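Chemist: next one to model:
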Amino acid sequence: MATFTERMGPVLLFWLGLCLSGTWAVDKGNFKTCDQSAFCKRQRAITPGESPYRALLETMELTNTKLTLQLINDNNKVRLLLELYRLQGNITRVKINELKPLKPRYEVPDVLIREPPTEPLSLLSQDENGVVLSLGAESQRVIVSARPFRLDIVEGRDVLMSLNSRGLLGFEHLRMRKDTQADPEADNKEATDPPSQVETTKEEEEKVEDGMWEETFKSHTDSKPNGPSAVSLDFSLPGVEHVYGIPEHADTLKLKTTDSGDPYRLYNLDVFQYELYNPMALYGSVPVMLAHNAQRTTGIFWLNAAETWVDISSNTAGKTVFGKMLDYVQGSSETPQTDVRWISESGIIDVFLMLGPTPREVFSQYASLTGTQAFPPLASLGYHQCRWNYNDQEDVRAVDAGFDEHDIPYDFIWLDIEHTDGKRYFTWDPHKFASPKEMLQGLMDKKRKMVAIVDPHIKVDTNYKIHNEIRSRGFYIKNKDGADYEGWCWPGSAGYPDFTRPDMRAWWAGQFAYDQYEGSMENLYTWNDMNEPSVFNGPEVTMHKDALHGSWEHRDVHNLYGFYVQMATAQGLIERSGGVERPFVLTRAFFAGSQRLGAVWTGDNAAEWDHLKISIPMCLSLGLVGISFCGADVGGFFKSPSSELLVRWYQTGAYQPFFRAHAHLDTPRREPWLFGPENTALIREAVRQRYTFLPYWYQLFYHAYQTGEPVMRPLWVEYPQDPATFALDDEFLLGRDLLVHPVTEEGARGVTAYLPGKDEVWFDIHTFQKHNGVQNLYIPVTMSSIPVFQRGGSIIPRKLRVRRSSACMEDDPYTLYVALDNRRTAEGELYIDDGHTFNFEKREFILRKFSFTNNVLSSVNLEPDAQFTTKSWVERIIILGASKPSKITLRTSDDQENQLEFDFDASMSVLTIRKPGMNVGADWTVTLQ
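Modeler: This next block holds a predicted model:
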């Protein structure tokens, strides 16, 4: 270690010392506030209600695909170009750029899955004050007001959304420094007489503020060669009190107002030991916000990859329930309203207004723009065992054997950075991991898999092939002076490949080929960490904004870096199999569109009860903006959990999409069997419950891949008219049919779960007790309790024969859980394919619909032209809320009839049909008489 640390230098030693010391708290001083971010401070200082922008209606052009219109800033005469598009599927797109920028401004590529298809706009009326355009559907109109410029979207008599209604549009035009050119804006200015032009220039000179042309934070100076380039715009949402999204923040599901503090920040950062319940930036950024009330759901997608701040204010914020009642009694007519302001450091304004009106339609609208959740391999929905670090091959073998010895299933074991040869990614430590293929084969023999970390910082070392190739091809990001950018990270001095380049991504993908990545096999998958990017000695622990990606500055592309790293890595895993196998790639940094590439996790959390609680709203927020494959480190990454906290975390994680335990190098070992036999049994039960539900998880992910709907979702998504659900974030739904209220309080003797739906019934999945909807149900709990309810009206297929990994259960039989609603009906789906290839795209799968109505349970093929066969059969049918039949008959597709055996528990109204035995992929009916 000595020579290694000598090379690492004092910066890294300080960082490591911080990591390994007992001081487990974020150093807020390492990260900017809005006041310390010059562009945020400038834009936030704009006075509402004094917008200098007006629309020049005589410049309006309306074509089949869009409306264009010039805006002018009356203070400096700079013109902007507004483009307005009506897109298919009830989406409106608004773009604002400089009419004649000094040089091109960055427009985000690769995030949209295609150029969104347009629909015609038609002009309804026009006068000197503005224009009215039809958006086609349901009397929707866009009203463009000229002075000041303002844009309203209305439906009937309701205003759905307004832009620049508070006059906070700000667009800092590119300009030359005053000391380098006398009159920079000559091209941009409307012709005026010389005196006024001189005055304008003088007025502008007076406005040059600190931080416009250079900005220093701590010891780092940002050279800002392009000067000020920020953009901002405000949006008003009448009738709205609840807004969600804009992850990633360690905060509640319902976003808070920011009037009395900092805005929410979107800037991908490696935040050491993050704090909870604040708007600080974290590892990923998705600039998408959803707004919801009982009448409508809408969304705003702000397509900008630069540092972004989001202010939220509300006219009802801070009003007590009594205050709201007083308003009601006094007949106060103030409609609730939420106002949002987006501020980005560079780029253009490119915003998509998703007009719903239902939550499902907003998910569909966003998916039509950026794609849906990648359909993961089935095994990745199982349990993952990780720590920094499993020491060597013998350690891996021993941990693997421990799971078998304690009868706990798992699918993936993970290796962190210590598995490499000196933090050189795509390599193995020659002493600790001398024969990786032997290790991987040992796992493969048990139908298990491995994930190894591949980070995007590359050790600067002329004996390292990867570094030499990247350098010789010129693929590294450059510093402002044109040399390869270097920063400190885990290997010491490191270069950062420019993943914004398609040729770099193609080269990187090629490194995953089996003949390139020595020691890799088809059961080795990948984890991209530190891809914000993390630069230990950089400003805010990240890259200098004036670093160069070709002609673009890092400030323009920052939030895209992790997205591109994961894109190149996933492409590599696909290509190595000749395009046959689905990849699995976990990323820490992400952006809009990252859902197409794999999974994310909530980063370096801590073994604290509040961190367990926050995992729920953090994953719910990600699901709302398309990223369904989300999880948190079970047990907490930093610190050591009590056995109670660890058990409760396993019980919670077993019902979250990505289920992985992970721990810091410095923490005591915490494999599931190290906390005594009682806790081992409780953890085993939680993990085994996860495996029984794998058919349901897989069907939910197939549905998310098809529709963009979240797998793990807030209750309001399914009960959009029930205000009691709007701010709930200590419970959640999986699909429509499972409601989960994990126990997240230390020493809890009970929890209160809200069961929604005035006509719904809910069945406790453990006791089969039936409960009515629209009630707060108190549930006494013990250490073994995981409160989970199945919705009446649903059918959930499960596999109760749990084996050591998901692949070992492939041909096992199913048990169908049929939960009847008040009308004594139920329905559900089952999706089956080979679990790991892209053959489902060639229609090689089974999709069955199960229905129970009029005492007949039937299975029909939802996709008759799809072809796949399964050996699995139905070994049991359990009907909840049933009455006792006199006899039960099974009729199969060949018209054979058999009488079936059954048991009936009259006290719980549970009917169990034993060994019906039909193939789960066949047509059949079961009749209760």
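Chemist: which residues touch Leu353?
Modeler: Residues near Leu353 by CB atoms under 8 Å, 6 or more residues apart in numbering: 91-94, 153, 161, 298-300. Every residue, glycine included, has its C-beta placed from N, CA and C.
Chemist: how about 10 Å then?
Modeler: By CB atoms under 10 Å, 6 or more residues apart in numbering, the contact set of Leu353 is 87, 90-94, 142, 151, 153, 160-161, 163, 235, 298-301, 365.
Chemist: tell me which of those fall in helices.
Modeler: With helices taken from DSSP state H, the overlap with the contacts of Leu353 comprises Gln365.
Chemist: for the closest residue to Thr47 other than its chain neighbours, grab the count of nearby residues.
Modeler: Nearest residue to Thr47, sequence neighbours excluded (CB to CB, 6 or more residues apart in numbering): Gly167, at 7.9 Å. Applying other CB atoms under 10 Å, we find 18 residues neighbouring Gly167.
Chemist: can I assume Gly167 is in contact with Pro148?
Modeler: Yes: assessed by CB atoms under 10 Å, Gly167 is found in contact with Pro148 at 5.8 Å.
Chemist: got any residues that touch both of the two?
Modeler: 49-53.
Chemist: what's the distance between the closest residue to Asn772 other than its chain neighbours and Arg803?
Modeler: Take Asn772 and drop its neighbours on the chain: the residue closest to it by CB to CB, 6+ apart is Val761, 5.9 Å away. Separation of Val761 from Arg803 (CB to CB, to the nearest Å): 33 Å.
Chemist: between these two, which one's more packed in?
Modeler: Legend: neighbour count by other CB under 10 Å for Val761 and Arg803, higher for Val761 (21 against 15).
Chemist: so the residue nearest to Asn772 touches Leu777, yeah?
Modeler: No: with contact defined as CB under 10 Å, Val761 does not reach Leu777; the gap is 11.9 Å.
Chemist: where do the contact lists of the two overlap?
Modeler: With CB under 10 Å, 6+ apart as the test, Val761 and Leu777 both reach 755, 771, 789.
Chemist: and of these, the nearest to Phe499?
Modeler: Comparing the shared contacts of Val761 and Leu777 against Phe499 with CB to CB places Phe789 closest, at 43.8 Å.
Chemist: confirm that that closest one sits in a strand.
Modeler: Yes: checked against DSSP: H, G, I helix; E, B strand; the rest coil, Phe789 lies within a strand.
Chemist: strands of the stretch 301-450 of the chain, start to end?
Modeler: Ranges of strands in the stretch 301-450 of the chain, per DSSP state E, counting those that start in this stretch, are 308-314, 337-344, 349-354, 383-385, 412-415, 449-453.
Chemist: helices and strands around the second one, which ones?
Modeler: Secondary-structure packing of strand 337-344 (3 or more CB pairs under 10 Å, 6 or more residues apart in numbering; DSSP states H and E): helix 38-44, strand 158-163, strand 231-238, strand 242-245, strand 264-266, strand 288-292, strand 297-302, strand 308-314.
Chemist: after the first one, which helix or strand is next?
Modeler: Using DSSP states H and E, the helix or strand that follows helix 38-44 towards the C-terminus is strand 53-62.
Chemist: can you give the strand pairings for the helix or strand just after that following strand, parallel or anti for each?
Modeler: Note on strand 53-62: by DSSP H and E, the next helix or strand toward the C-terminus is strand 67-73. As defined by DSSP bridges, the strand partners of strand 67-73 come to strand 53-62 (antiparallel), strand 79-87 (antiparallel).
Chemist: could I get those strands as JSON lines with distance to Lys423?
Modeler: Listed next are the strands paired with strand 67-73 as JSON lines, based on distance: least, CB to CB, whole Å:
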{"stretch": "strand 53-62", "distance to Lys423": "51"}
{"stretch": "strand 79-87", "distance to Lys423": "46"}
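Chemist: so for Ser122, which of those sits nearest?
Modeler: Nearest of these to Ser122, taken as CB to CB: strand 53-62 at 8.3 Å.
Chemist: ok now the closest one, how far from the chain's centre?
Modeler: On the basis of CA atoms, centre = their mean, to the nearest Å, strand 53-62 is displaced by 38 Å from the centre of the chain it belongs to.
Chemist: any weak-confidence spans in the protein?
Modeler: Residue ranges of the chain with pLDDT under 70: 1-24, 137-138, 179-206, 317-333.
Chemist: ok, 90 please
Modeler: Along the chain, segments meeting pLDDT under 90 span 1-27, 64-65, 136-139, 178-210, 272-273, 316-334.
Chemist: domain ranges for it?
Modeler: Using the TED database, the domain parsing of the chain gives 40-122+156-173+221-261+285-355, 380-601, 813-928.
Chemist: looking at those, which is buried most?
Modeler: domain 380-601 (a mean of 21; mean count of other CB atoms under 10 Å).
Chemist: now do the end-to-end distance for that domain.
Modeler: Taking CA to CA, to the nearest Å, the first and last residues of domain 380-601 lie 13 Å apart.
Chemist: I'd say Arg93 and Leu121 touch.
Modeler: No: counting by CB under 10 Å, Leu121 is not a contact partner of Arg93; they are 11.2 Å apart.
Chemist: contacts only, for Arg690.
Modeler: 381-383, 409, 650-651, 653-656, 659, 697, 802, 806.
Chemist: how about Leu624?
Modeler: 244-247, 253, 286, 288-290, 292, 297, 299, 359, 362-363, 366, 710, 712-714, 717.
Chemist: Ala398 too?
Modeler: Contact partners of Ala398, counting by CB under 10 Å, 6+ apart, are 390-392, 405, 671.
Chemist: just give me the closest of these to Ala570.
Modeler: Nearest to Ala570 among the contacts of Ala398, with distances taken as CB to CB, is Tyr390, at 24.2 Å.
Chemist: what about the strands in the stretch 101-250 of the chain?
Modeler: Using DSSP E, counting those that start in this stretch, strands in the stretch 101-250 of the chain cover 118-119, 122-127, 130-134, 140-145, 150-155, 158-163, 170-171, 215-217, 220-222, 231-238, 242-245.
Chemist: could those strands go into TSV alongside distance to Phe433?
Modeler: Shown next, in TSV, are these (distance: least, CB to CB, whole Å):
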stretch	distance to Phe433
strand 118-119	54
strand 122-127	66
strand 130-134	63
strand 140-145	60
strand 150-155	58
strand 158-163	55
strand 170-171	54
strand 215-217	40
strand 220-222	37
strand 231-238	49
strand 242-245	41
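Chemist: and those: which comes nearest Phe475?
Modeler: Between Phe475 and the strands of the stretch 101-250 of the chain, the shortest gap by CB to CB is with strand 220-222, which sits at 24.0 Å.
Chemist: which neighbouring elements make contact with the closest one?
Modeler: strand 215-217.
Chemist: ok, back up a step: so which of the shared contacts of Val761 and Leu777 wins on neighbours?
Modeler: Ranking the shared contacts of Val761 and Leu777 using other CB under 10 Å puts Phe789 first, with 27 neighbours.
Chemist: so that one touches Phe763, yeah?
Modeler: Yes: Phe789 is within contact range of Phe763, at 6.3 Å (criterion: CB under 10 Å).
Chemist: between these two, which contacts overlap?
Modeler: The overlap between the contact sets of Phe789 and Phe763 (CB under 10 Å, 6+ apart) consists of 769-771, 819.
Chemist: between those, which is nearest Glu334?
Modeler: Using CB to CB, His771 comes nearest to Glu334 of the shared contacts of Phe789 and Phe763, at 38.0 Å.
Chemist: for the closest one, which non-adjacent residue is closest in space?
Modeler: Nearest residue to His771, sequence neighbours excluded (CB to CB, 6+ apart): Trp762, at 4.9 Å.
Chemist: cool, thanks, signing off.
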